[in-house]
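Novice: need the 3D shape of this:
(chains A, B and C)
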Amino acid sequence: MHQIKVNHFSLDQIMRSGQCFRMRQTDTYRYEIIAGSRYLIADQQGNLLTLHCNKEEMDFWYDYFDLNTDYGVYIDRLNPNDSYLMKAVAASDGVRILKQDLWEMIVTFLVSQQNHIKRIRRCIELLCNKYGEHISFTNGGIFCPEQANVKPDNKLKCGRHIPEVNGYHTFPRPEAFAGLNEDALLDCNLGYRSKYVVRSARQILEGEVSLEEIEKLPYKKAKEELLKLFGVGEKVADCICLFARHDLDAFPVDTHIRQALDQHYKRGFPNRRYKGFRGVVQQYIFYYELMGS
DNA sequence: GCGCAGGTAGAGT
DNA sequence: ACTCTACCTGCG
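Specialist: Next up, the predicted model:
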């Protein structure tokens, strides 16, 4: 168990920001996060963040939540005369750019297209439950004593979802999908995106696209590789670069962002000014557009 | 009932 | 290179 003082950090806002879909609130101050094959219970009260994990896992989650970065530095560099952006950041001050698993982000954002957060969440959950590996809390020393007290609660904001008290499911690797029929994931509610996930998994397993390469390449080259995947276009590729590779200059443009840019930046978005952290600014705007008022 | 939700591939100019 | 449309499904 580790306690950390944090600034510009809010688990609640991160959960709602629409970059990770395996995070939920299980109690007033408590959240559950699953990343790849890892599981974490975290509490937050104001600036005090408590991570329930051992020292070794601590390094992973520190990196995952980008806790070494002071987001105040980004916020200070925003144009104070840009009243729209000032309102946006005021509403989304605790949002962070997470460092998530590459394959997990590929699938997540393939699923996200022409879709809403509620349904994306459900799709991912179904995929994991059906194709992920089940990890038992009593297995492998992961047992959390707190877990025993978790009560199913349908009224929690982010889930009609009943916490699993016995364990959780890891995020399925490409192998789990590559052998499937292209329509197999209709069962998980993916609709026409089913073939995107299955074919992309095959492309990776067959070596046409290499996840290891994508991890190493610079942003532009990595994006080019991602665009080879069936179902991955400009917007999805940028989301993957931003949320998995932490390419903070990636600036995914979707319908919400498009609309905000048209409305508030008719003379063009100040790309030059925000070079190097445009993705952070994108998230502030996106969150504000989604949650604002 | 109908249009749309964090787009993209494929076909047609 | 650009424009147009079909695409699963659930929700208002």
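
Novice: enumerate the residues of chain A near DNA strand B.
Specialist: Residues of chain A found near DNA strand B, taking Cβ under 7 Å from any atom of the strand as the criterion, are A:17-19, A:112-117, A:192, A:227, A:229-237, A:239, A:252, A:254-256, A:282, A:286, A:290. All C-beta atoms are positioned from the backbone trio N, CA, C, and that covers glycine.

Novice: show me what the longest strand seen in chain A packs onto, helices and strands only.
Specialist: Among the elements of chain A assigned as strand by DSSP state E, the one spanning the most residues is strand A:38-45. Counting contacts by 3 or more Cβ pairs under 8 Å, 6 or more residues apart in numbering; DSSP states H and E, strand A:38-45 is packed against helix A:11-16, strand A:30-35, strand A:48-52, helix A:55-64.

Novice: which of the ones you listed sits closest to A:Met1?
Specialist: Set against A:Met1 and scored by Cβ to Cβ, the helices and strands packed on strand A:38-45 come closest in strand A:48-52, at 5.4 Å.

Novice: partner strands of the closest one and their direction?
Specialist: Strand pairing for strand A:48-52, using DSSP bridges, gives strand A:2-5 (antiparallel), strand A:38-45 (antiparallel).

Novice: reformat those strands as JSON lines; add mean neighbour count and mean pLDDT.
Specialist: Conversion of the strands paired with strand A:48-52 to JSON lines gives the following (neighbours: other Cβ atoms under 10 Å; pLDDT from 0 to 100):
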{"stretch": "strand A:2-5", "mean neighbour count": "12", "mean pLDDT": "96"}
{"stretch": "strand A:38-45", "mean neighbour count": "18", "mean pLDDT": "98"}
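
Novice: with adjacent residues omitted, what lies nearest to the residue in the stretch 101-250 of chain A positioned nearest to DNA strand B?
Specialist: For the stretch 101-250 of chain A, the nearest residue to DNA strand B under the criterion Cβ to the nearest atom of the strand is A:Gly233, separated by 2.4 Å. Nearest-residue entry for A:Gly233: A:Leu227, 7.2 Å, with adjacent residues in sequence omitted and distances by Cβ to Cβ, 6 or more residues apart in numbering.

Novice: for A:Phe60, same thing?
Specialist: Beyond its immediate neighbours in the sequence, the residue positioned closest to A:Phe60 (Cβ to Cβ, 6+ apart) is A:Arg38, lying 6.5 Å away.

Novice: quick check, the one you found in contact with A:Asp63.
Specialist: No - in this structure A:Arg38 lies outside contact range of A:Asp63 using Cβ atoms under 8 Å: 11.5 Å.

Novice: what residues does the stretch 51-200 of chain A put near DNA strand C?
Specialist: Neighbours of DNA strand C within the stretch 51-200 of chain A, by Cβ under 7 Å from any atom of the strand: A:114-116, A:118-119, A:186, A:189-193.

Novice: which outside residues touch stretch A:39-46?
Specialist: Residues lying outside stretch A:39-46 but in contact with it, judged by Cβ atoms under 8 Å, 6 or more residues apart in numbering, are A:6, A:9-12, A:26, A:29-34, A:49-53, A:57, A:61, A:135, A:142, A:144, A:146-147, A:168.

Novice: sort out which residues of stretch A:84-103 are buried, please.
Specialist: By neighbour count with 16 or more other Cβ atoms under 10 Å, stretch A:84-103 contains the buried residues A:85, A:88-89, A:91-103.

Novice: hang on, the earlier thing: narrow the residues of the stretch 51-200 of chain A next to DNA strand C to those in helices?
Specialist: Where these overlap with helices, as defined by DSSP state H, the overlap consists of A:118-119.

Novice: name the member of the residues of the stretch 51-200 of chain A next to DNA strand C that has the highest neighbour count.
Specialist: The member of those that has the most neighbours, counting by other Cβ atoms under 10 Å, is A:Leu190 with 24 neighbours.
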